[in-house]
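Visitor: Need a 3D model of the sequence below.
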Amino acid sequence: MRFSYLFTGLSLLCFLSCSKFNAVLKSKDPNYQLQEADKYYEKKDYRDAQTLYEQLYPVYKGTDKFEELYYKDAYCFFYMKEYLDAENFFKGFLDVFPNSTKADEVDYMEAYSVFMRSPKVELDQTNTLKAMGMMQTYIARHAGSDRIKDANNIIDQCRAKLELKAYNAAKLYSRLGQYRAAMLAYQDLLTDYSGSASGETYNLELVKSIYEFAGLSVPEKQVERYQQVVTEYQNFSDRFPDSKLLKDAAEYRDLSQNNIKAINNEQAKTSTER
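Guide: Here you go, the predicted structure:
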């Protein structure tokens, strides 16, 4: 019984609310509509606020009220998590009001809207790259902004996501036995993310990938590729002299040196027998 009363009450409230909004929407008084749109906005009823703002564009375009209307309309999309529309509206705001006192904020929000469309690591990272580039551009445009720290933080998050995606791809190549592809992927990780906290792991995996690739190579290429393992181990040692992973990498170096000796001995023996 109580549930029935509650349901009836909510239904009535919804009906009254919808009736009021429809009345506002059909009003011939744009000032009243703008007032109500702002009230919906303050109450975080962004869908109704946005509908009214959109209807009021032709009325207020070119007036001193249009800037604030456009600004709130862009935020409506952002708060509704419609980030592509938010990006476009923030961009549109800057096109219409390039000298606005809100330009710094809106420029940041345009880039931030792109960042909010950055997907999970497993998916295509076009928006992640775009967000990172836009935040870098934002920093260049607004060197003294209070949002620089936030922009750098977003850039760091984007780089971390791109790095993780690249690392996952390298690991997949290894699991599939595609060691040449893995080798190239780890080389790129060490180059593109030279300051990464995971650099030692990437370097060990690079040594391992080269070693596995050498073992699968045709006999004429094996000595050269085992020598690459030795060389990469030395690079690892120079790059991370205190790494706890050097011991593991040294095992691949030692195995490679032993293989080189064995191959050379076998070639010398074959040559003598001839």
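
Visitor: what mean pLDDT does stretch 53-68 have?
Guide: Here stretch 53-68 scores 96 as its mean pLDDT.

Visitor: Mind listing what's buried along that stretch?
Guide: 53, 56, 60, 66-67 (16 or more other C-beta atoms under 10 Å). Heads up, the C-betas are built off the backbone N, CA and C, glycines and all.

Visitor: Which residues does it contact?
Guide: Applying C-beta atoms under 8 Å, 6 or more residues apart in numbering, the external contacts of stretch 53-68 come out as 25, 30, 33-34, 37, 69, 72-73, 76, 96-97, 100, 102.

Visitor: closest to Asp85 among the buried residues of stretch 53-68?
Guide: Using C-beta to C-beta, Tyr53 comes nearest to Asp85 of the buried residues of stretch 53-68, at 12.5 Å.

Visitor: which stretch of helix or strand covers the closest one?
Guide: helix 46-60 (DSSP states H and E).

Visitor: contacting residues around Met134?
Guide: Contacts of Met134 were listed using C-beta under 8 Å, 6+ apart, and they are 110-111, 114.

Visitor: after the helix holding Tyr53, next one along is what?
Guide: helix 66-79.

Visitor: Give me the distance from the helix or strand just after that following helix to the chain's centre.
Guide: Counting by DSSP H and E, the next helix or strand C-terminal to helix 66-79 is helix 83-96. How far helix 83-96 lies from its chain's middle: 20 Å, per C-alpha atoms, centre = their mean, to the nearest Å.

Visitor: Give me the nearest residue to the residue nearest to the spatial centre of the chain, chain neighbours excluded.
Guide: Centrality entry for the chain: nearest residue to the mean C-alpha point is Thr128, 3.1 Å, by C-alpha atoms, centre = their mean. Leaving aside its chain neighbours, Thr128 sits nearest to Ser118 (4.3 Å; criterion: C-beta to C-beta, 6 or more residues apart in numbering).

Visitor: Which helix or strand contains that neighbour?
Guide: For Ser118, there is no host helix or strand (DSSP H and E).
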